[in-house]
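1. This is a predicted model, with the sequence first.
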Amino acid sequence: MKLITWNTAGRKKKLPFQFEAILTHKPDFIALQEIKASTHDLWCGVLEQEGYHVTSTIHHYDPELPKSRNNFVMIAAKEEIYPTDQPKLIWPEKALTVCVPAYDNLEITTTHIPPGASNGWIKIETFEGVHHHLTCVSDTPAILCGDFNSPQTELCDGTLVTWGQKIRKDGSIRLARCREQGSRWHDGEYGLLKGLEPYGFVDNYRTIQGYNVHDYSWHVGHSNKVGRRFDHILSKNLTIVNCYYDHNVRTNKLSDHSMMISIWE
């Protein structure tokens, strides 16, 4: 069982190459972020032609909303999928949950957490809403994936540093005090990245690669000097075989994000 998650950056001119990049991997499931109203039907048409069942959050489209609100998420699967209970979000277009009956009622949730620099506390409210949603699901297998715009960094000992924290010059970590972030900002990010572990979710990438591997799915600006691992796949009650990033799609400028692939038994 193979899943791809990818922030497509809404690049309409790159669509033919994006289609090819995804379909080359022959995934069972596809989770996409930053699908625009102008690219939505094109994605649906190609994926349905390839035998995928497709659903998205396009029904939240409102041309009166700012551009940051008119980015949607999409899930496609080779088997039939059904929207189920959805995360309760102020911006509901930023997350989608579907059920896959053919895979033991597997639940897949994909999300695009808004960046905090341009959207402030809506980022944390989205983190909190998705976290609450996933702590209420049953014991069926589940997958969470998408662009989290977090964390700030990860250390070799497994310590995760959120944007609600600061790293001192001596390497110690404290809560940030700017923008009134404090503990809620940290707790919001941490709750989705690490706080789902008591509910059975594991970070697929770190489970396979460990913490000595420093890999990034997005870079600041056009250089590769400052990287962030913003794109994630978590799962529960599934046996992970492999998890990795395909950086070719980013280096070839098909998106500013790398594609992420996870494989389960």
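-> Looks like it arrived, so ask away. Numbering: from 1, shown residues only.

2. In the stretch 151-265 of the chain, mark out all the strands, start to finish.
-> Along the stretch 151-265 of the chain, the stretches classed as strands by DSSP state E, counting those that start in this stretch are 153-154, 160-161, 165-167, 173-175, 202-203, 218-219, 227-228, 231-236, 240-246, 259-264.

3. Poorly predicted segments of the chain, please.
-> For the chain, the stretches flagged by pLDDT under 70 are 137, 177-182, 222-224.

4. Which residue would you name as the spatial centre of it?
-> By Cα atoms, centre = their mean, the chain has its centre lying nearest to residue 146, at 0.9 Å.

5. That one falls within a helix, correct?
-> No: judged by DSSP: H, G, I helix; E, B strand; the rest coil, residue 146 forms no part of a helix; its state is strand.

6. Please tell me I have it right and it contacts residue 230.
-> No: Residue 146 is beyond contact range of residue 230, at 9.3 Å (criterion: Cβ atoms under 8 Å). Every C-beta, even on glycine, is put in place using the N, C-alpha and C of the backbone.

7. Other residues contacting stretch 76-86?
-> The contact list for stretch 76-86 (Cβ atoms under 8 Å, 6 or more residues apart in numbering) reads 28-30, 32, 47, 51-55, 75, 92, 95-103, 107-108, 133, 136.

8. Go through these and flag which are in helices.
-> Among the contacts of stretch 76-86, the members falling in helices (DSSP state H) are 47, 133.

9. Restricted to buried residues, select the contacts of stretch 76-86 in ChimeraX.
-> Listed next is the ChimeraX selection for buried residues among the contacts of stretch 76-86, using 16 or more other Cβ atoms under 10 Å:
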select :28,29,30,32,47,52,53,54,55,75,95,96,97,98,99,100,103,107,108,133
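
10. Sitting in strands, which of the contacts of stretch 76-86 do you find?
-> Within the contacts of stretch 76-86, residues falling in strands by DSSP state E are 29-30, 32, 53-55, 75, 95-100, 107-108.

11. quick one, what contacts residue 158?
-> Residue 158 is in contact with 206, 211, counting by Cβ under 8 Å, 6+ apart.

12. Give the helix, strand or coil label for residue 3.
-> Residue 3 is classified as strand under three-state DSSP.

13. Run a quick neighbour tally on it.
-> By other Cβ atoms under 10 Å, 25 other residues sit near residue 3.
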